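Q: Predicted structure and sequence below. I'll ask about it afterward.
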Amino acid sequence: MLVKKALRVTLQVIIVLCSLNASAQSNNLDSLKRVLQTPLEPKDEVNTLLSMGSIYHYENYLDSAIMFFQQAMVIASTINDKRNEAIALMHLGSMTEELGNYGQALSLLFRSSQIFEQIGDSDGIIEVQMMLQSTYRASGNYRNALRHLFSVGRLERNDKKGVIIFQGIRIRPLMLAEIGETYQHMNELDSAEFYTRKSIDEQLMMNGATWNFPIYLLGKIQAKQGKNKEALRNYKSAIPLAVKNGILKDTLDIYNSIAELYKNTGNLDSAIYYGKAITDKRFLNTSILLTAQITLAEVYKLKHSTDSAFKYLELSSALKDSIYSAEKHKEFQSAVFNEQLRQIESAERQEELKNQIIMYALIGGLIVFLIIALLLYRNNLHKQHAKVKIEKAFDELKATQKQLIQSEKMASLGELTAGIAHEIQNPLNFVNNFSEVNTELIDELRKELAGGNVVSAEELAVSVADNEQKINHHGKRADVIVKSMLQHSRTSSGHKEITNLNELCEEYIRLAYHGYRAKDKSFNANFEKHLDPSLPNVTVVRQDIGRVILNLINNASYTVNEKNKNGVSGYAPKVKILTKNLGDNVEIRIEDNGMGIPESIKEKIFQPFFSTKPTGQGTGLGLSLSYDILKAHGGTLEVISKEGEGSEFVVQLPV
């Protein structure tokens with residue numbers, strides 16, 4: 001048991017080292033062979049075979065690589081190791097494509113894709129899609145190649161957001177470059193350049209890049225555009241990167257592109273040099289080898305080297321026949337057809353499953369509907385019983401609200417009456433005083449007349465007449481105040497009349513002041529008035545607007561009085577009333593330097609029954625009623641306040 005455990009640990013270390021770099025792969029090949037000769041668990045054996053296959057593939061020993069991958073696939077299938085079976089199939093498909101057998105490659109890759117889909121391995125699905133698009137492009141089927149590439153884009157965006165690694169490269173920039181290469185083969189050069197440059201931008205800026213593929217691909221596009229110098233520069237900058245990255249296929253593909261460029265620009269010896277650098281290799285990707293042979297045949301023909309031209313023409317014809325034979329074309333079409341058939345059958349199964357789900361959903365929905373119906377019926381019975389209780393509670397609530405509103409109106413009326421009573425007291429005092437004086441003057445008048453002093457009697461008569469005028473004046477004044485009190489004691493009729501707001505403010509300032517003094521003898525404040533003489537008359541319900549002004553002044557008086565009671569050093573209570581003509585509107589501002597309104601409750605002050613006063617000192621309806629009165633007049637009521645510094649209520653009414 002301990003020996004097996006040690007072997008497994010050793011195997012894991014070797015596999016990790018093999019995945020890091022090329023030198024590690026070569027150095028550890030012998031170690032893997034020794035491990036393979038020891039008794040292993042089937043899963044460890046599969047992993048060892050996959051690692052050896054990868055090393056041989058990297059070293060271009062495709063026959064050996066295919067053998068190890070096939071063995072890994074068989075064992076993985078036997079032990080139901082689906083993921084490693086799919087990985088083996090994927091590598092076999094990739095190598096078969098390099099050998100030019102595109103039909104067989106598609107069959108292997110389709111089988112790998114099916115397994116990855118069954119086990120839900122999104123990374124594996126993306127890798128297979130990348131290999132499928134490469135196989136389709138190599139076979140000249142560019143539209144299918146693009147379809148698989150854009151499918152990779154959707155999977156990558158939905159799954160890992162571009163962090164999936166494939167062949168050492170992040171998926172998204174690689175996918176963009178592959179799209180660019182496909183458009184390059186289709187000679188759609190604008191699209192090809194767009195995606196290629198986007199790939200370079202997403203990986204690294206070109207001068208600092210460590211990835212060769214999009215750089216030499218940009219060179220291919222530039223060569224087709226006739227930009228030979230730029231193309232050659234990009235080719236040569238990509239070669240050391242490809243060598244450094246250990247990607248032989250890319251290195252040889254760059255050689256092909258350079259050979260083609262030199263051929264087209266007349267530098268035939270250089271074209272031969274790069275072409276032979278490809279054909280002299282021990283093993284090559286068949287499509288790369290075919291391109292090099294065709295290029296050499298054309299170059300030798302241009303140099304009039306008939307024997308060499310014929311040699312490479314024969315080699316290229318034989319290779320082309322092996323790649324594009326009728327049998328292989330049939331195999332390719334069969335693979336595509338089988339995959340399409342599988343997709344159709346899969347779609348039919350999905351449709352059948354969808355129909356079953358819909359049927360079950362309908363049955364479930366019907367059951368849920370019946371349950372809901374029963375619950376609703378039961379709830380309805382409860383609601384019927386609760387309805388009577390709710391209606392009774394609602395009626396009681398409405399009655400309570402009416403009582404509270406009436407209480408607020410009566411409180412306002414009480415404050416108004418107190419102010420009016422004080423106002424009546426002044427003219428009555430004058431009437432009483434002048435009446436007493438006149439009584440005394442009449443007695444003196446009689447004495448003077450009895451003594452025959454006519455001149456003095458006439459002077460006394462004049463004084464009596466003057467006093468009578470004053471008595472009459474103050475009597476009329478008291479009459480006006482009494483009528484006003486009677487008018488305000490009645491419920492508002494809602495009748496609008498033309499009103500001078502300045503006079504209304506004057507009247508209610510006095511009434512509010514004396515009304516508050518009647519409640520609190522210690523109250524004292526400086527009332528400042530700034531009334532705009534250009535203020536136009538407005539058509540309003542006089543009593544209602546009077547109540548608004550009275551409420552606002554009373555609130556201002558309360559807050560300055562409370563602040564004064566707190567004993568703030570140097571504090572002088574002040575209430576300021578301003579009116580202003582705004583053209584289409586008139587404005588009344590009532591400012592105070594009281595306690596202010598906290599920001600947390602500023603939005604609540606116009607709500608019914610909300611009050612900042614202690615319990616029993618307010619109903620919380622004053623500002624709410626004022627807001628509703630102004631709204632009914634087409635006006636507005638706003639507040640500006642800073643806690644600890646005071647408040648300003650702004651009333652606006654349309655002219």
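A: Alright, I've got the coordinates.
Q: what residue ranges in the stretch 151-300 of the chain score low on pLDDT?
A: 153-170, 203-211, 282-284 (pLDDT under 70).
Q: Then the stretch 301-450 of the chain?
A: The stretch 301-450 of the chain contains residues with pLDDT under 70 at 322-356, 397-425.
Q: what ranges do the helices span in it?
A: Under the criterion DSSP state H, counting those that start in this stretch, the stretch 301-450 of the chain contains helices at 306-323, 326-450.
Q: where's the first one relative to the chain centroid, distance-wise?
A: Looking back up the chat, that one is helix 306-323. Remark: helix 306-323 is offset 62 Å from the chain centroid, using Cα atoms, centre = their mean, to the nearest Å.
Q: and that helix, which residues are buried?
A: 309, 312-313, 315-316, 319, 323 (16 or more other Cβ atoms under 10 Å). Bear in mind the C-beta positions are built from the backbone N, C-alpha and C, glycine included.
Q: any idea which of these is closest to residue 578?
A: Comparing the buried residues of helix 306-323 against residue 578 with Cβ to Cβ places residue 323 closest, at 96.5 Å.
Q: Please verify my assumption that residue 79 contacts residue 43.
A: Yes: look at residue 79 against residue 43 with Cβ atoms under 8 Å: they come within range, at 6.6 Å.
Q: Now do the host helix or strand of residue 648: which elements does it pack against?
A: Using DSSP states H and E, residue 648 maps to strand 646-654. If you count contacts as 3 or more Cβ pairs under 8 Å, 6 or more residues apart in numbering; DSSP states H and E, strand 646-654 packs onto strand 538-540, helix 542-565, strand 585-592, strand 636-642.
Q: just so I know, which of the ones you listed lies nearest residue 66?
A: Here strand 636-642 is closest among the helices and strands packed on strand 646-654 (Cβ to Cβ), at 84.4 Å.
Q: how about the closest one as CSV, C-alpha atoms only?
A: The C-alpha trace of strand 636-642 is given here as CSV (Å, rounded to 0.1, in the frame of the first residue of the first chain):
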residue,chain,number,x,y,z
THR,A,636,-47.7,75.5,-2.0
LEU,A,637,-46.2,75.3,1.4
GLU,A,638,-42.5,74.5,1.8
VAL,A,639,-40.1,74.5,4.8
ILE,A,640,-36.4,75.5,5.0
SER,A,641,-34.8,74.6,8.3
LYS,A,642,-31.5,74.0,10.1
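Q: For that strand, buried residues please.
A: Of the residues in strand 636-642, those buried (16+ other Cβ under 10 Å) are 637, 641.
Q: Name every strand pairing with it and say which way it goes.
A: Strand 636-642 sits in its sheet next to strand 646-654 (antiparallel), going by DSSP bridges.
Q: Could you tell me the angle between the partner strand and strand 585-592?
A: Here strand 646-654 points in a direction 160 degrees away from that of strand 585-592 (axes from the mean of the first three to the mean of the last three Cα atoms, to 10 degrees).
Q: Quick check: buried residues in strand 646-654?
A: When burial is assessed from 16+ other Cβ under 10 Å, strand 646-654 yields the following buried residues: 646-653.
Q: Are we agreed that residue 498 is in a strand?
A: Yes: Residue 498: assigned to a strand according to DSSP: H, G, I helix; E, B strand; the rest coil.
Q: distance of it from residue 539?
A: Between residue 498 and residue 539 the computed distance is 6 Å (Cβ to Cβ, to the nearest Å).
Q: Return the set of buried residues in the helix or strand where residue 63 lies.
A: Assigned by DSSP H and E, residue 63 belongs to helix 62-78. Using 16+ other Cβ under 10 Å as the test for burial, helix 62-78 gives 62, 65-66, 68-73, 75-77.
Q: Residue 52 and residue 32 touch, don't they?
A: Yes: under the criterion of Cβ under 8 Å, residue 52 is in contact with residue 32, at a separation of 5.1 Å.
Q: Show me which of the two is the more surrounded one.
A: residue 52 (25 against 21; other Cβ atoms under 10 Å).
Q: so where does the spatially closest residue to residue 216 that is not a sequence neighbour fall, helix or strand?
A: Closest residue to residue 216 apart from its sequence neighbours, by Cβ to Cβ, 6 or more residues apart in numbering: residue 238 at 3.7 Å. Following DSSP H and E, one finds residue 238 within helix 228-245.
Q: helices and strands around that helix, which ones?
A: Applying 3+ Cβ pairs under 8 Å, 6+ apart, one finds that helix 228-245 contacts helix 213-224, helix 248-264.
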